[in-house]
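Undergrad: Just the structure for this:
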Amino acid sequence: MASSRKRVSTSLATLVVLAGIGGLSWFGAREAADFMERRSGVEVRNALADAGQDWVAVRSDGLQVLLSGTAPTEVERFRAVTQAGTVIDSSRIVDEMTVMASDALAPPAFKVELLRNDDGISLIGLVPASTDRAALVHTLQSETAAPKVTDLLENADYPAPEHWDEAIRYGLRVAQMTPQAKISIEAGNVAIEALTESRAEKGRLEKELSRSLPDSVELNTDISAPRPAIAPFTLRFMIDDQGARFDACAADDEEGRERILAAAVRAGVKGTPGCTLALGAPAPEWADAVVAAIGAVAALKRGTVTLSDADIALTVPAGVERSDFDKVVTNLEQALPPVFSLNAHLDEAPDAPTGPAEFFATMSAGREMTMRGRIGDQQMYEAVDSFARARFTSVQDSLRSDGDTPGGWTVRVIAGLEALDGLEKGAVKVSRNTIELSGDSGDPRAAEHAAAALSKRLGAGARYQLSIRYDRRLDPALALPDGDQCVDRLNIIMSEAAIGFEPNKSTIAGDPTETLERMSEVMADCADFQIEAGGHTDSQGSEGFNADLSRSRAQALVSAMSDAGIDVTNMTSRGYGESQPIATNDTEEGREENRRIEFRLISEQPVRTEPLPAPVTVEGTTGEAMDAEPDVEVRMHVADDPEAGEEVAGPEMPSANDISGAAPATVGASEEFQTLDEREENIRLPVQTPDDGTPRPAPRPDAIEGEGESDEGETQQSEATEE
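TA: The predicted model follows:
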């Protein structure tokens, strides 16, 4: 009996303990659930409040979070659910929200922003629920070569507004035409901001957009074309009685254009001047040179400055003080980047004192010659003009006759022109005592050759100053290719290349390693030229798709060249699609030829990224040996003035050391020692009298060339006289 009671007590105690444990577990679980419920509600409520959606009521029921309230729009209701899903699992959210009655709200503003670039197409905005978004994406994927199409649209359960469908269809059509565009689509309205690859393409696109525009859709366009290529790259600024203005203006980028126009406004240009953005600038410092040049004209308050590639010509009219002119020119020379060369001239007043005789000549890179200054008489003018026209592609002059020029003046002028002819571009100044020659040459021994030419023409005793800069790109011994040769070599490589592209894609097929290695060898000497890689396709597929595909393939090739370590800084890519076939598209062989990448030269002038080396500067006297190292100014003995009419004689010259370090050359004196007056008499021509009685000098090319000293020249002169 006692044992039985003991067992009952033990069982009862066990039950009590288990009940206690169960109660505690239930209480703990309840508290944990309540905590999670309260925490979820608080987190969702805070998230909605931070998003400005205070109209949402949040209530927790166990693990579920109930959202209620009246949303102002369907879009706001959707955004509230999305916002709550950022803090808790979306499966725990119960949407009990309602939307304000449609008759109490205006329909939302439906709009699609279609953004297209090299990375693909993005669709952003709000569309009616009836819009087939999958069909939109499929159309863009099938009708364009865009790498991807991203759908970021949202739906609203409202009926589509009038003319919405027409605008959408037209917007998709526009996306097929433009590889770089922002297309804004609204009901009955499409706005386009696009970038085309040329002015011709801009015109074609505008015509096509107008042709395919539905009557129910309004079109707004902002289409721009890329910068044109200008050669030579030119700017001309002047200040005269009509004020400050541009005759021509070109800039290489937006920042540079803003600086140039700001400098022009400071110089006195009224209104808003224009300046063309273009390709072909001779150096990245183009804007620096232009701003400094405009500032020089502004400081003088009159004058004209012309920049043609890296050559700068500053012409100032009479009336400006010489001291002011010299000061401005000095400051300008110091401000110019090393690539640029300056030729400055101050005109003389017609009634000003005569002053010393001077002659100036400037030769551009195209061998175009301009001459100004004094010449002896009409006969000497004919001699100088004939000589110049025989040596240079074109000649412009503003020479004035002056009977008081020193003896032998014409010989000195022709000697200066002859020395200038040995350069690629430059300038020469002839004065009574000195011939000053400066410029660029592809000959490392150009300074020595110029001195030899002066000695041959003038004999011993004439002073000269040479400042000649060596440009390796002009050196024929290096056989560096010009722009056309660079493009031809690249096109030959592409025609022989084993690489291609996967069908309807811009992915390079095959191993491009060998082709890229050959291109790297070519581009080592051609990276300074502005070159375009143009993609072309056959006519299969839509026009818009082919334009996209060709452009993507050209970009893929340029990117592959860059990844291979090739300098493509000055290379651009462009897609021509099917617009420029070179064979028929009716056969597979013809279509294969039309699917190609072609390179095209944009500007013949290379882009200067580094300054040219310092010029070799030499001062000396003809008939003396030169002994100098490169870039070292050499001052030699200066003989007495040889132009006084006295005979100048001296021993034959020994060999001269090569200024550039090459083998020595001989600079010899003239074989016959004549005064400059006597040399000039060899140039003076017998006068022929035409039917009208006007004296006219007879042509004497041999005398102009200065060979009259030799026996052969004397014979030729006699023959010409007899004739």
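
Undergrad: What about Q605, how many residues nearby?
TA: Per other Cβ atoms under 10 Å, the neighbour tally for Q605 reads 22. For every residue, glycine as well, the C-beta is placed using N, CA and C.

Undergrad: Give the helix, strand or coil label for it.
TA: With DSSP: H, G, I helix; E, B strand; the rest coil as the basis, Q605 sits in coil.

Undergrad: got the domain boundaries for the chain?
TA: Following automatic domain parsing, one gets these domains for the chain: 2-104, 111-224, 483-601.

Undergrad: Could you point out which of these sits nearest Y464?
TA: Comparing the domains of the chain against Y464 with Cβ to Cβ, the closest turns out to be domain 483-601 (32.9 Å).

Undergrad: now the domains of the chain in CSV, with mean neighbour count, mean pLDDT and distance to V265?
TA: Below are the domains of the chain laid out as CSV (neighbours: other Cβ atoms under 10 Å; pLDDT from 0 to 100; distance: least, Cβ to Cβ, whole Å):
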stretch, mean neighbour count, mean pLDDT, distance to V265
domain 2-104, 14, 73, 47
domain 111-224, 17, 86, 24
domain 483-601, 18, 89, 30
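
Undergrad: I'd like those as CSV, with distance to G461 appended.
TA: Output for these, formatted as CSV (distance: least, Cβ to Cβ, whole Å):
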stretch, distance to G461
domain 2-104, 93
domain 111-224, 60
domain 483-601, 43
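
Undergrad: out of those domains, nearest to P476?
TA: Nearest of the domains of the chain (Cβ to Cβ): domain 483-601, 12.9 Å.

Undergrad: sorry, back to before: the domains of the chain: which one's closest to F325?
TA: Comparing these by Cβ to Cβ, domain 483-601 comes nearest, at 35.3 Å.

Undergrad: so how far is the closest one off the chain centroid?
TA: Offset of domain 483-601 from its chain centre (Cα atoms, centre = their mean, to the nearest Å): 21 Å.

Undergrad: Over to that domain now: how far is its first residue from its last?
TA: 6 Å (Cα to Cα, to the nearest Å).

Undergrad: Equivalent analysis for stretch 207-218, please.
TA: 15 Å.

Undergrad: again, but for stretch 303-322
TA: 14 Å.

Undergrad: Rounded mean pLDDT for it, please.
TA: Averaging pLDDT along stretch 303-322 yields 89.

Undergrad: For the most centrally placed residue in the chain, which residues are in contact?
TA: Taking Cα atoms, centre = their mean, the centroid of the chain lies closest to L279, which sits 3.8 Å from it. Going by Cβ atoms under 8 Å, 6 or more residues apart in numbering, L279 touches 227-230, 252, 530, 602-603.

Undergrad: so how far is A388 from it?
TA: L279 is 33 Å from A388, where distance means Cβ to Cβ, to the nearest Å.

Undergrad: V149 reaches Q141, doesn't it?
TA: Yes. At 5.3 Å, V149 counts as touching Q141 under the criterion of Cβ atoms under 8 Å.

Undergrad: re the thing from before, I'd like the contacts of L279 as a markdown table, with secondary structure and distance to R59 appended.
TA: As requested, these are exported to a markdown table (DSSP: H, G, I helix; E, B strand; the rest coil; distance: Cβ to Cβ, whole Å):
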| residue | secondary structure | distance to R59 |
| --- | --- | --- |
| R227 | coil | 63 |
| P228 | coil | 67 |
| A229 | strand | 69 |
| I230 | coil | 71 |
| D252 | coil | 65 |
| Q530 | coil | 68 |
| I602 | coil | 68 |
| S603 | coil | 71 |
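
Undergrad: Please check those residues and keep the buried ones.
TA: 227, 229-230, 252, 530, 602-603 (16 or more other Cβ atoms under 10 Å).

Undergrad: For F78, state which of the residues you listed is nearest.
TA: Nearest to F78 among those, with distances taken as Cβ to Cβ, is R227, at 45.4 Å.

Undergrad: quick one: contacts for that closest one?
TA: R227 makes contacts with 276-279, as judged by Cβ under 8 Å, 6+ apart.

Undergrad: Let's see that with 7 Å instead.
TA: By Cβ atoms under 7 Å, 6 or more residues apart in numbering, R227 lies in contact with 277-279.

Undergrad: Buried ones in stretch 323-335, by neighbour count?
TA: In stretch 323-335, counting by 16+ other Cβ under 10 Å, buried: 325, 328-329, 332, 335.

Undergrad: Sitting in helices, which of those residues do you find?
TA: By the criterion of DSSP state H, membership of those in helices covers 325, 328-329, 332, 335.

Undergrad: Looking at the contacts of R227, which is nearest P476?
TA: L279 (27.2 Å).

Undergrad: Which residue comes closest to that closest one once chain neighbours are left out?
TA: Sequence neighbours aside, A229 is the residue nearest to L279 in space, at 4.4 Å (criterion: Cβ to Cβ, 6 or more residues apart in numbering).
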